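S.K.: my questions concern the predicted model and sequence given below.
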Amino acid sequence: MRNPVMAIAFVAVFGYGLYNAAGYRPDSRPVAIPAAAPGALPMSPRPIKPNVVAYSTADDAMQGAKAKGRATLPRFHELIDAGTRGTYTVKFPLTQNGATEHIWLQLVGFSNGHFVGLLADEPVNGNKYKMGDRMSVAEADVEDWMIRDGGNVYGGYTVRQALADMPKEQAAKYGITFKD
C-alpha cells in the first residue's frame with residue numbers, strides 16, 4: 001500500500017547525467033514506496049533504487065533544503081553569469097500518474113524565466129517522460145540547483161541533506177566538496 005504522505009524526493013543526485021545506466025521503464029504505474037526499515041521512524045527516508053530516496057512531505061529538514069535552494073537562485077544566476085565551470089542542473093517536481101517525484105534537469109539554456117534542459121535521470125513514476133527528454137521548467141518551480149565540476153558542487157542543498165541522512169561512511173564515498 002502506498003503511503004500518501006511520502007513523495008519521491010531525491011532522483012539522480014549523485015550519478016546524474018544523460019549517460020546513466022538506468023533503463024527505460026515500460027511500466028506506467030508509480031513506484032511503490034517501501035515500508036520503513038525495521039526500527040526506523042515511520043517518516044524516515046526510504047531508498048527506492050540507487051540514487052532515488054523517498055522523503056516524507058513532512059520532513060522539515062528536506063523542506064528546509066528546498067527552501068534554501070529556492071532562496072539562493074540569485075546566487076545560481078551569478079555563478080552562471082560568471083561562467084563557472086561545471087554541469088548546471090535544477091531540481092523540480094515532476095508529476096505523472098498522480099505521483100510527484102523531484103528530479104534534476106541538466107540545463108542547456110535559460111530564457112524568459114524558464115530553464116531549458118534534458119531530464120538527467122529516468123523518472124520512477126511512469127513512462128510518459130524518459131531520461132534525455134527536453135523540458136522547460138519555470139524558475140518559480142525550481143526547488144534546488146547545482147553546479148557540479150567533478151567532486152566540487154555549488155548549491156545542491158537537497159543533496160547536502162540527503163548526505164546528512166546517510167551513514168557517514170556511505171556519504172564519504174561520494175567525495176563531494178560543497179561550495180557556496
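M.R.: Structure received. Numbers count the residues shown, from 1 in each chain.
S.K.: confidence-wise, which helix or strand of this protein is lowest on average?
M.R.: strand 6-11 (a mean of 43; mean pLDDT, DSSP states H and E).
S.K.: what's the neighbour count on Arg85?
M.R.: Burial of Arg85 is recorded as 10 neighbouring residues (other Cβ atoms under 10 Å). For every residue, glycine as well, the C-beta is placed using N, CA and C.
S.K.: check Asn125 too.
M.R.: 24.
S.K.: contacting residues for it?
M.R.: 8, 30-31, 94-97, 99-101 (Cβ atoms under 8 Å, 6 or more residues apart in numbering).
S.K.: make a markdown table out of these and add secondary structure.
M.R.: A markdown table is the format used below for the contacts of Asn125 (DSSP: H, G, I helix; E, B strand; the rest coil):
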| residue | secondary structure |
| --- | --- |
| Ile8 | strand |
| Pro30 | coil |
| Val31 | coil |
| Leu94 | strand |
| Thr95 | strand |
| Gln96 | strand |
| Asn97 | coil |
| Ala99 | strand |
| Thr100 | strand |
| Glu101 | strand |
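S.K.: now distance to Pro45 and neighbour count too, for those residues, in a markdown table please.
M.R.: Output for these, formatted as a markdown table (distance: Cβ to Cβ, whole Å; neighbours: other Cβ atoms under 10 Å):
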| residue | distance to Pro45 | neighbour count |
| --- | --- | --- |
| Ile8 | 11 | 24 |
| Pro30 | 18 | 19 |
| Val31 | 14 | 20 |
| Leu94 | 19 | 24 |
| Thr95 | 20 | 14 |
| Gln96 | 22 | 16 |
| Asn97 | 22 | 15 |
| Ala99 | 17 | 19 |
| Thr100 | 16 | 16 |
| Glu101 | 14 | 24 |
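S.K.: following the helix ranked longest in the chain, which helix or strand shows up next?
M.R.: If you go by DSSP state H, the chain has its longest helix at helix 60-71. Next in sequence after helix 60-71, counting helices and strands by DSSP states H and E, comes helix 73-81.
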